[in-house]
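In: Okay, here's the prediction I keep looking at, along with the sequence it came from:
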Amino acid sequence: MKILVTGGSGFLGSRIVEEAKKEGYEVYCPRSLYMDLYDYKDVKKYLNCYKPDVIIHSAAYYGGIGICNSEPVNLFRNNTIMTTNIYQAAADCGVKKVVAVGSACSYPACVEGDMSENDFWNGEMHETVEAYGSSKKIQIIAQNAYYKQFGLEGNHLVLTNLYGEGDVFTEYRSHVVSALIKRFSDEIQNGSTEIVNWGDGSPVREFIHVSDAAKALVSAVKLDHDLKPINIGTGIGTSIKELVEIVSGITGFKGDLKWDTSKPNGVARKVLDVSRMKNIFPDISFIPLEQGLQKTINWYLSNKEEADSRK
């Protein structure tokens with residue numbers, strides 16, 4: 001079977017490529033020079049040439065709070081253009097299926113308890129992630145429309161917060177784990193005796209190593225067509241305070257950890273209900289957070305200059 005992975009050179013995409021090859025698939029992961037996802041004709045030309053059976057659409061324009069605040073139009077527009085081009089070209093070129101990479105940002109902001117797939121359409125997204133979250137949510141609308149009109153099958157996997165080796169660590173684009181790792185490393189280099197963190201550390205988040213997410217996405221290639229989202233995560237919540245303490249311990253920071261409670265905490269709890277995932281992927285397992293953080297920090301410290309230069 002031929003699998004095309006969009007964003008195949010990126011943080012998540014490169015892991016998907018590795019896992020797909022392990023499963024014996026013939027894998028294509030074109031760079032933008034050969035398939036520009038913002039150009040429909042270019043996408044169609046590539047698909048007509050290589051005839052993939054399945055597309056795993058992992059390419060995305062994304063970032064941390066900096067990008068969410070300053071580039072909401074780019075987040076929404078860029079991701080939506082890529083999605084519409086992929087689905088239209090896939091339908092025109094006879095691709096059987098698209099596996100979409102979704103995001104927990106697409107969930108409503110005010111979900112009580114863990115976020116179940118049944119909550120997916122039941123409210124407004126948090127304003128800070130609305131542009132990105134809605135661009136990922138549009139993939140389900142595309143899957144439904146293209147299945148009805150063209151028979152293009154699909155699955156939509158909703159990923160929780162990713163971390164791991166090869167992530168983006170620069171402040172503007174980084175998420176919480178990579179941002180913390182870089183910050184602690186920098187402060188240790190600078191000889192700091194204290195680190196002040198935003199909020200009070202009480203918000204609870206969920207984290208999954210990028211390699212585990214990639215395995216789930218590749219496993220989805222064999223699933224039947226299903227338009228209901230599938231949450232992919234550990235189902236284990238970790239407070240920001242706990243995360244900070246783990247990163248502090250692994251990096252060897254000896255100073256004081258302080259909290260600026262004048263800064264916002266954000267949503268109190270953001271953890272996925274993974275009961276549906278466990279039924280669909282009964283053999284799935286995950287790298288424990290502390291072990292995954294150790295691997296990630298070791299990689300970062302060994303590749304700090306390269307990692308800090310990545311845009």
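Out: Perfect, thanks for sending it.
In: C-alpha from now on. contacts and neighbour counts both.
Out: OK.
In: Would you map the helices across the chain?
Out: 11-22, 40-50, 65-70, 72-93, 130-150, 176-189, 210-219, 240-251, 275-280, 289-302, 304-309 (DSSP state H).
In: Reformat these as JSON lines; add mean pLDDT.
Out: Shown next, in JSON lines, are these (pLDDT from 0 to 100):
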{"stretch": "helix 11-22", "mean pLDDT": "97"}
{"stretch": "helix 40-50", "mean pLDDT": "98"}
{"stretch": "helix 65-70", "mean pLDDT": "81"}
{"stretch": "helix 72-93", "mean pLDDT": "97"}
{"stretch": "helix 130-150", "mean pLDDT": "96"}
{"stretch": "helix 176-189", "mean pLDDT": "94"}
{"stretch": "helix 210-219", "mean pLDDT": "98"}
{"stretch": "helix 240-251", "mean pLDDT": "97"}
{"stretch": "helix 275-280", "mean pLDDT": "97"}
{"stretch": "helix 289-302", "mean pLDDT": "97"}
{"stretch": "helix 304-309", "mean pLDDT": "88"}
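In: With respect to S106, which of those lies nearest?
Out: helix 130-150 (4.1 Å; C-alpha to C-alpha).
In: Now do that closest one and helix 72-93, the angle between them.
Out: Put simply, helix 130-150 runs at 20 degrees to helix 72-93, going by axes from the mean of the first three to the mean of the last three C-alpha atoms, to 10 degrees.
In: Flag every buried residue along helix 130-150.
Out: Under the neighbour-count criterion of 16 or more other C-alpha atoms under 10 Å, helix 130-150 has 130-140, 142-144, 146-147 buried.
In: So for D226, which of the helices of the chain sits nearest?
Out: Checked against C-alpha to C-alpha, the stretch from the helices of the chain lying closest is helix 130-150, at 9.4 Å.
In: which among the buried residues of helix 130-150 gets closest to W259?
Out: For these, the nearest to W259 is E130 (27.1 Å; C-alpha to C-alpha).
In: OK, contacts around that closest one?
Out: 105-106 (C-alpha atoms under 8 Å, 6 or more residues apart in numbering).
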